[in-house]
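A structural model of the following input is requested.
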Amino acid sequence: MRSLVQIAVNLLVIALVALGGYAILNMFEPKEGRRFSMPRSEKSWTVDGQRAEPGDYRARLSAYGRLQSARSLAVRAPLSGTAMSLGDAMANGGQVEQGALLVEIDPVSLNRQVEQIKTQLAELDAQIAEAGLNLRLLKGQLERDRAQLTLAQNEEARSAELVEQGFATTTQLDQARRSALSAEQAVFQREQAIEQAQSRSLQLQQSKLRLTSQRDEALDRAQDSRILAPMAGVLSEVAVAQGEEINANAVLARLQSVRDLEVEFELSERDFARFIDPATGRNLLVGSTASVAWSPGPTPLTFDATVERFAPALNQQTAGVLVFASLQLAPEQASPPLAAFVEVTLMDRPYQNVLQLPQSALHAGSRVFEIGRDRRLIGHEAVRLRDEGSTVVLRVQGLPEGACLMTTNLPVAGDGVKVAMVGDPAPRALGAGGRPGGRPGTRPEGSPGGRPGGRPGSAAGGAQAADQSAEQSAPQGDGSSIRGQANSGPDKPGGRPKPQDLGDPCDHLTAQPSDSAQGDAMKKGQRRQGQERQGQERQGQERQGQERQSQERQGQRRQGEGRQGEGRQGEGRKGQPQSGAQTPAPKEAASHD
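Residues are numbered from 1 along each chain as shown. Prediction:
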């Protein structure tokens, strides 16, 4: 029981010591700082903006490729022989017209072959004539054999009748029958000989036709010994010289057309899908127009082109689609060289109801900020459709008509952040008292020390007045001064400031951002105004800081002088004789202190 009482007493002593320490610290803490501490003023950032004007946008798809000939063929030798002569343009890079002579081959071997075929044909003609004569002889013998057969058959019939009448013997009948059979056998053999003769004649006729065809082919090839250009173009990979032996079907050169040109380029899978109509599912790439630019120097040469076809499969290495577009050249227009590196520009399918803003207007990849009439930011979610160099194509839902969007990339951007527009009028210079044209050193509340009934020369009151003067005179982005935390008023202590209608933020914009000289001049003027405004703000802040430091030094000096005067008065009172009438004076002074 005694231990519990001792513990309670110890706790009570500790509580009393803590309470006393807190009271002592509270006695030495300036009351003015606790009662009239002023919050920091709200900061604003100077930004630029652009009027939101949704509309249709059609992007330009750019790709790079090589120029090649749409028509290319290999020049081959139709026969073997010696290159007797070459055409004047038969060299690498030589340009020929249609029907021009390329190579002439010596046709001696062909002529020899034709003579051999003619000899064979003559021999065949003799054999065919002999076979025809033999066939005619066989046909005449067949007629005689058939007559002998008829006689033998009649003799057999008469012998049979005589035997029945008893005027002839059976031996005579048998002899007549043998004669009829021999005649029939002779007719059969003659017919077989005739068939063999006819077959022989047909074989000879076919051999003649075959040799005739070989003769005609040899004659035609002899005429093809002059190789002519099948089309106009340029020669490359020439592999023949005059006097050189040439094998049949050998490649002599390659001929490429310089008027039928096409560009082979590659589109990404995403860009290729842009040409598929979502309504019908048809691919609109084939037949679309394109622009081909060849830049051999500072001034590019531009050609019109039409997409003709595309590869049926993706490129496994680049995951792109090969596309071929043919150039549309005028009759007198010079064509670029083959294998030239060119840039191809295609017009994309149009985007409906979109915005085109600078890249700096996009925050966190999918947010844009509207600048309200009170110069505070309002966030909106955006759908990023396409990047176009320094600009981006967006679609923003729920954006008010004619809204002013921030185009400055602000790292601290968020809903409710205070901003100031480039081009807004600069704020007026504020006095040390926090009011336009205020007198330096003026304190609110009408008290010399900055608090009602404050003693002259109080250090706390002077510092408080200086803090109030500096914070009230801090310039904001819209030229207004902030008093209290977030402009809290008497009706809403500590609440958000009442929205101020400072006008349309984009009213000062006379034109939309563009690449014209007028747009550049406007941007330069806006930047100059922003720099001047920032310079004025810095000068005002420096002036207010200097005035505040001067006021603090004056207050400290007055406070030191007051303490010295009080010390001298106390020493004088100690030296005076104490009497009944003068006894209350020191107590009163002590109570005052």
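
show me where pLDDT drops low in the stretch 151-300 of the chain?
Along the stretch 151-300 of the chain, the model assigns pLDDT under 70 to no residue.

how about the strands in it?
226-228, 233-236, 245-246, 251-256, 261-268, 289-294 (DSSP state E, counting those that start in this stretch).

next: the stretch 301-450 of the chain.
301-310, 320-328, 341-347, 351-358, 367-371, 377-388, 391-396, 404-406, 419-421.

next, the buried residues of the second one.
The reference is to strand 320-328. 320-327 (16 or more other CB atoms under 10 Å). Yep, even glycine has a C-beta here, placed from its N, CA and C like the rest.

with respect to Ala91, which of these is nearest?
For those, the residue nearest Ala91 by CB to CB is Leu327; the value is 25.8 Å.

for that closest one, give me its contacts.
67, 261-263, 292, 303-305, 335 (CB atoms under 8 Å, 6 or more residues apart in numbering).

let's see that with 6 Å instead.
Neighbouring residues of Leu327 by CB atoms under 6 Å, 6 or more residues apart in numbering: 261, 303, 305.

what's opposite the first one in the beta bridge?
Going back to what we said before, that points to Leu261. When bridges are called by DSSP bridges, Leu261 pairs up with Ser69.

what's the local residue count around it?
25 (other CB atoms under 10 Å).

how far off centre is stretch 159-175?
Offset of stretch 159-175 from its chain centre (CA atoms, centre = their mean, to the nearest Å): 117 Å.

what are the buried residues along that stretch?
159, 163, 168, 172-173.

check those and tell me the two furthest apart.
Farthest pair in these, by CB to CB: Val163 and Gln172, 7.6 Å.

show me the shaky parts of this structure.
Within the chain, the stretches with pLDDT under 70 are 1, 26-41, 423-499, 509-537, 562-593.

what are the ranges of the helices in it?
2-28, 31-35, 108-165, 170-223, 269-273, 459-472, 517-575, 584-592 (DSSP state H).

and the ones you listed, which is most packed in?
Most buried of the helices of the chain, by mean neighbour count (mean count of other CB atoms under 10 Å): helix 459-472, with a mean of 23.

what's the neighbour count on the closest residue in space to Ala290 that isn't next to it in sequence?
Leaving out its chain neighbours, the residue that sits closest to Ala290 by CB to CB, 6 or more residues apart in numbering is Ala305, at 4.4 Å. A total of 24 residues lie near Ala305 under the criterion other CB under 10 Å.

make JSON lines out of the helices of the chain and add distance to Gly281.
Shown next, in JSON lines, are the helices of the chain (distance: least, CB to CB, whole Å):
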{"stretch": "helix 2-28", "distance to Gly281": "81"}
{"stretch": "helix 31-35", "distance to Gly281": "75"}
{"stretch": "helix 108-165", "distance to Gly281": "59"}
{"stretch": "helix 170-223", "distance to Gly281": "53"}
{"stretch": "helix 269-273", "distance to Gly281": "12"}
{"stretch": "helix 459-472", "distance to Gly281": "67"}
{"stretch": "helix 517-575", "distance to Gly281": "42"}
{"stretch": "helix 584-592", "distance to Gly281": "97"}
